[in-house]
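Asks: sharing a model that was predicted from the sequence below.
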Amino acid sequence: MSTARRAHPPQENGVGGYSDDEREVEEEEEDGEEGEGEGEEDEVEEEPRLKYQRLGGSVPAIVSTDPAAAIAVADRMVALGTHNGTLHILDFQGNQVKEIAAHTATINDISFDADGEYIGSCSDDGTVVISSLFTDEKLKFEYHRPMKTIALDPDYYRNYRRFATGGLAGQVLILTKKTWGGGYHKKVLRDGEGPIHSMKWRTDLLAWANDAGVKVHDMKMDKGIAFIERPKGIPRPEFLLPQLVWQDDTVLVIGWGTSVKIAAIRTDSSQGLNGIQRSITTASYQKYVDIVGSFQTGYHISGIAPFGDLLVVLAYVPEEEDKENNFSKSVPSRQGTAQRPEIHLVSWKNDELTTDALPIHGYEHYKAKDYALAHAPFSGSSNAGGQWAAGDEPLYYIVSPKDIVVAKPRDTEDHIAWLLQHGWHEKALAAVEAGQGRTELLDEVGSRYLDHLIIERKYAEAARLCPKLLRGSPSAWERWVFHFAHLRQLAVLVPYIPTENPQLSDTAYEVALVALTTNPSFHELLLTTIKKWPPTLYSASPVISAIEPHLNSSSMTDLLKEALAELYVINSQYDKAFSLYAELLKPEVFEFIEKHNLHDNIHDKVVDLMTLDSKRTVNLLIQHRDAIPPNDVVGQLLHTSKSCDKKHLLHLYLHALFETDMNAGKDFHDMQVELYADYEPRMLLPFLRTSQHYSLDKAYEIFAQKELVREQVFVLGRMGNAKEALSTIINKLEDIQEAVEFVMEQHDDELWEELIRQCLQKPEMVGMLLEHTVGNLDPLYIVNLVPDGLEIPRLRDRLVKIVTDYRTETSLRHGCNDILKADCVNLLVKYYHEARRGVYMASMDEEVTGTRVDEGSSRATERSSSVRALEIKSRTRCGARCCLCFDPLSIQDISVIVFHCCHAYHLSCLEGGLDLMKSNSSSQDSDEGSEDGDGTPSGESRMRCVLCTTAAA
């Protein structure tokens, strides 16, 4: 995959910038590219994977006087070697923390141990210096030939301070500190294969490159593993150095000239992926190198480093003349015409993902070997989905004699900034919402996204995103509310304006509502918003003032009226709200009337309410007929200009009024007769029978027109024209039973004669008359009046029925009489037995004692219910005293008489009382005879209770 090259201006201490010369060069290049690209489709620009920043701190001052020559990176620091042989220890911001005067000539290579405690360097002055970074320990080795490369054992201190070095002498030297006697043991690992140009040590594996190629040696077993030949057709190493880097413990990446090879160190005997392997067999195991990737580039490789599963390549682009020449001729570029170095991010199959051109200071004068690339140690598997774990990002240092640029993976904020720069605001917003980057970015991204949508006139989409982008900022919300109002697009924002968390100023809400009144298409939203928003958020008066001028204009829609009514309610102007609700025929107007006691306000809204719901309106009018007189209601219904069935509404109202109060609407009973005739004829007869306030003539005329026969009969009867009414029943209704009932109601014997006379004219009527007059007329009387020879249908059956009915009636009467007599005898016997029962008379002592004894005592409960009843009755009526003299009954030698009514008397008192009664009535009442069932002597005057007799009189 190929992409267009992009020039990324590195930043110095976080601030980017070009020199004037660089700007001119870039502008010329861009103009040239635009000219060449006219007529061609623009390529979709790939997002860069890396970002660049010039290393600041002490670096600019160092390289301004002493050009950089070599660099190495450890976990905690950076080591920079210069052409004057000085070793500068820097932190990651470029600040110098230590300076080591190691050599007197150009430093060619630098190496850290795995712990970052020791550093080794080699120089053209033929020396190798190993220094402790935290002590004053320093070792210096003289070889009298330029030393080009050095590699400390990763476990340098624990492995007897072992290191490897090489140079123009062509020897790979391994130096190990002796265990006794001091000094170092030197071992020549390889010799006679040309100068050693590069060397890298990882765990137990040491790789180096010489003129012949690259060799890998197992230091633990002291065995060579593989030899990888030098690519053909590339410049000599003194013009283009081979680049070695360990991606991990088993993968070696080789970049040499224009060739890249990825070698995997394997420990089993299986064939490699492409069948290429170099192996040495030992007694214990076999290791070999498998070339798992190999490709050619169109540029010279000045440095190479791993980037997760990809590769970062520092490319030196040769001039066209150099490309045409054979690489083996190694002709250097002319001074001042070199191109910018580039960073290529490629896969193992040479698929280029990004290409970035770097504006290195003085790049026009540099050759390929003047650049170097070093990377900080990192976990190569930490790249997940294009993102790196915090603190685990790889750092890449691009070194030129006068400049050092640091490259690192772009983070989320860089990604978001790039999306915004290219107008992909939605993707930028999605990235922020996914939790990528700082929370504060949401405000910036949101603001820029909204601005972009407004410019594009995508107002609805901008409004939809406001809750997500503005979140809980009242000031931001208010700013955008007023901005949308200025654009006359506030209607699209209103549904999203928050009412809490945050709550805006009342002015913002009022502006929003007023904006919705201006266009009929917004009125539905206005109504919905007023119902949705709490009324405490704003003042209703400004909105009402904005709507009221439109009340009588064509722009006043029903929705706007309802919205105004809602605002009136909020403003406690219930009478105005009711008027609008009634005009709009809103069903909830009835509850509104009851809730706010607006019965006095419905005088002029009767028709509207009746049209809305006649049943509820009628009930309301009937309940408050004192406040709303029937005359007003009838007048409004009669003279309304609105399209409605006013006669039917009148009927409903007057009917309900009549059923509630017959006299309340008596002035309209004539009208009501006609309304009943039109809408509910079945209610006419009950109305006619009850009302006395209608004209009989008008009623009869109406009934005659509408052929309401029974109603005509009733009116004729009330008018006194009973015979015509009877004739109407017989001739029009032909209902003998009704005729009989009519005659019975009139209580006129002449009508019976008239009934019989008219029925005799119709034989069928005679038979029906015989059936329905049983109990009213003697059937024989009717039969005797029937002319001879008149044929009456079903006469025999009807006579048989009459006789049978008569017999049945007679039998029922006899049976009822027998039952009645038997009941009388039984009741009389029962009464007789009750009268024979004794009456318990308590003495005075018992009376006093009885008041102290609880009524629920055991002795009282043992008595029979009848005796107890008599006892109570006796005590109630006479209390064991004479009912005339009120002395106790228990006086010696005085007889006592007690009646069944429980009144008791002394005999002498009773006789005196009876004599007084007789004298007053001048009549004597005595009984003579034999002794009765109560034991009264025969011939004795019949005693009567004075009290009962007096009461009966």
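Replies: It's in. Numbering: from 1, shown residues only.
Asks: is it fair to say Thr165 lies in a strand?
Replies: Yes. Thr165: assigned to a strand according to DSSP: H, G, I helix; E, B strand; the rest coil.
Asks: burial count for the spatially closest residue to it that is not a sequence neighbour?
Replies: Computed as C-beta to C-beta, 6 or more residues apart in numbering, the closest residue to Thr165 that is not its neighbour in sequence is Ile150, at 4.5 Å. Quick note: C-beta positions are derived from backbone N, CA and C, even for glycine. Ile150 has 30 neighbouring residues, counting by other C-beta atoms under 10 Å.
Asks: so what does the host helix or strand of Ile150 touch, helix or strand wise?
Replies: Assigned by DSSP states H and E, Ile150 falls within strand 147-152. With contacts defined as 3 or more C-beta pairs under 8 Å, 6 or more residues apart in numbering; DSSP states H and E, strand 147-152 has these neighbours: strand 107-112, strand 118-123, strand 127-132, strand 163-167, strand 196-202, strand 205-210.
Asks: and the ones you listed: which comes nearest Leu173?
Replies: Closest to Leu173 of those, according to C-beta to C-beta: strand 163-167, at 5.3 Å.
Asks: could you give the angle of the following helix or strand past that closest one to strand 205-210?
Replies: Going down the chain from strand 163-167, the next helix or strand is strand 172-177, by DSSP H and E. Between strand 172-177 and strand 205-210, the angle comes out at 140 degrees (axes from the mean of the first three to the mean of the last three C-alpha atoms, to 10 degrees).
Asks: what is strand 172-177 packed up against?
Replies: Using 3+ C-beta pairs under 8 Å, 6+ apart, strand 172-177 sits against strand 163-167, strand 184-190.
Asks: who does the shortest one pair up with?
Replies: Which is strand 163-167. strand 147-152 (antiparallel), strand 172-177 (antiparallel) (DSSP bridges).
Asks: the helix or strand Thr808 falls within: how far from the chain's middle?
Replies: Using DSSP H and E, Thr808 sits within helix 795-835. With C-alpha atoms, centre = their mean, to the nearest Å as the basis, helix 795-835 stands 81 Å off its chain's centre.
Asks: report the longest strand in the protein, please.
Replies: strand 286-296 (DSSP state E).
Asks: what comes up buried for that strand?
Replies: Across strand 286-296, burial judged by 16 or more other C-beta atoms under 10 Å covers Lys287, Tyr288, Val289, Asp290, Ile291, Val292, Gly293, Ser294, Phe295.
Asks: output the below-cut-off pLDDT ranges for the stretch 51-200 of the chain.
Replies: Applying pLDDT under 70 to the stretch 51-200 of the chain flags the ranges 181.
Asks: follow-up on the earlier one: what comes into contact with the strand holding Ile150?
Replies: 108-113, 118-124, 126-128, 130, 162-168, 195-201, 206, 208 (C-beta atoms under 8 Å, 6 or more residues apart in numbering).
Asks: quick one on the thing from earlier: so after the longest strand of the chain, what's the next helix or strand?
Replies: strand 300-307.
Asks: how about that following strand as CSV, C-alpha atoms only?
Replies: C-alpha atoms of strand 300-307 as CSV (Å, rounded to 0.1, in the frame of the first residue of the first chain):
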residue,chain,number,x,y,z
HIS,A,300,18.2,3.4,1.7
ILE,A,301,17.7,2.2,5.2
SER,A,302,19.3,4.5,7.8
GLY,A,303,17.6,2.9,10.8
ILE,A,304,15.0,0.3,11.6
ALA,A,305,13.0,-0.6,14.8
PRO,A,306,10.0,-2.6,15.7
PHE,A,307,6.6,-1.1,16.2
